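>>> below is the structure, and that's it, no one-letter string:
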């Protein structure tokens, strides 16, 4: 196996693991909200803890260079306005229309990543990518729990905007070449700054977690934020932003597993079908190059028609 294939496999693994860890976000996030936190309180602690955890590692020699300062400034504002507001919009949407429907709408974001690459970079959209996205959307539609959903225009719009924001973040992060650990630090720091002031405004400074909530805070900041962002950025060093975003669909599958393990939820036959279809769609986009090469070889090996 050549080095290119090994790096590609690592990138796929990192992106898949990133999506899986993100799947815990809603569970632990709403745990904090249900313990008297506002969304801004919860999101401040999410990003602040991730920032503090990275602090000892971001001052290594040669990590900060004059050439990267402009890029880091861009990433700071991406964290401040795009990524953080997208996160806020998602939780607001989930409160209004239910987490299932919000999840389905949010996961349209790979389409926006593809559109950005097509419009700005003039990348062609392969048939395999279109097929994969279509299959995944069908699977997500089966996976969601619509019984708890409420049709609310504001909630639908917020879920859509959260997907757009995340797509912009993924696209820009792929374009800006800085070490993942530094990029993650600046992104989380920018988000923490925004939510600190929002939390201060909304809660008047009363935003300390209860002793019983610290476990959720730590998991939210490290397992659901720091590691997934690092893994996604590491993945995009070797695979495209489109592939990385499509593999993010493992997040709702992880959310279903969390619901079964911790909330005593049951999964219906329809949701089992949705799980299988989502996995098939994510697998298809990874196998597309090999399938294309196979059919090309197959066509060239056929005898000419007389």
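Perfect, thanks for sending it. Here the structure is a predicted model, which means the values were calculated and not measured.
>>> just say helix, strand or coil for the closest residue to residue 213 other than its chain neighbours.
Leaving aside its sequence neighbours, residue 213 sits nearest to residue 35 (Cβ to Cβ, 6 or more residues apart in numbering; 5.0 Å). (Glycine included, C-beta is placed from N, CA and C.) Taken by DSSP: H, G, I helix; E, B strand; the rest coil, the conformation at residue 35 corresponds to coil.
>>> would you mind measuring from residue 35 to residue 215?
Taking Cβ to Cβ, to the nearest Å as the measure, residue 35 falls 11 Å from residue 215.
>>> about what we covered before: distance of the residue nearest to residue 213 relative to residue 188?
Residue 35 is 22 Å from residue 188, by Cβ to Cβ.
>>> name the residue in those two with the higher neighbour count.
Set residue 35 next to residue 188 and count neighbours by other Cβ atoms under 10 Å: residue 188 wins out with 26 against 14.
>>> helices or strands up against the helix or strand containing that one?
Using DSSP states H and E, residue 188 maps to helix 180-203. Helix 180-203 sits against helix 39-54, helix 69-77, helix 84-97, helix 227-235, with contacts defined as 3 or more Cβ pairs under 8 Å, 6 or more residues apart in numbering; DSSP states H and E.
>>> let's have these in a markdown table, adding distance to residue 140, mean pLDDT and mean neighbour count.
Formatted as a markdown table, the helices and strands packed on helix 180-203 follow (distance: least, Cβ to Cβ, whole Å; pLDDT from 0 to 100; neighbours: other Cβ atoms under 10 Å):
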| stretch | distance to residue 140 | mean pLDDT | mean neighbour count |
| --- | --- | --- | --- |
| helix 39-54 | 24 | 87 | 23 |
| helix 69-77 | 29 | 79 | 16 |
| helix 84-97 | 15 | 84 | 22 |
| helix 227-235 | 19 | 82 | 24 |
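>>> ok, which of the ones you listed comes nearest residue 162?
helix 84-97 (3.9 Å; Cβ to Cβ).
>>> so the helix or strand following the closest one versus helix 84-97, what angle?
Note on helix 84-97: by DSSP H and E, the next helix or strand toward the C-terminus is helix 99-106. Taking axes from the mean of the first three to the mean of the last three Cα atoms, to 10 degrees, one finds helix 99-106 and helix 84-97 inclined to each other by 140 degrees.
>>> got the angle for the next helix or strand after helix 99-106 vs helix 84-97?
On the C-terminal side of helix 99-106, the closest following helix or strand by DSSP H and E is helix 109-121. If you take the same axes, to 10 degrees, helix 109-121 sits at 150 degrees to helix 84-97.
>>> who does the helix or strand that helix 109-121 is followed by touch, helix- and strand-wise?
Proceeding N to C from helix 109-121, the next assigned helix or strand is helix 127-143, under DSSP H and E. If you count contacts as 3+ Cβ pairs under 8 Å, 6+ apart, helix 127-143 packs onto helix 99-106, helix 109-121, helix 241-247, helix 250-262, helix 269-301.
>>> buried ones in helix 127-143?
Within helix 127-143, the residues scored as buried using 16 or more other Cβ atoms under 10 Å are 128, 129, 132, 133, 135, 136, 137, 138, 139, 140, 142, 143.
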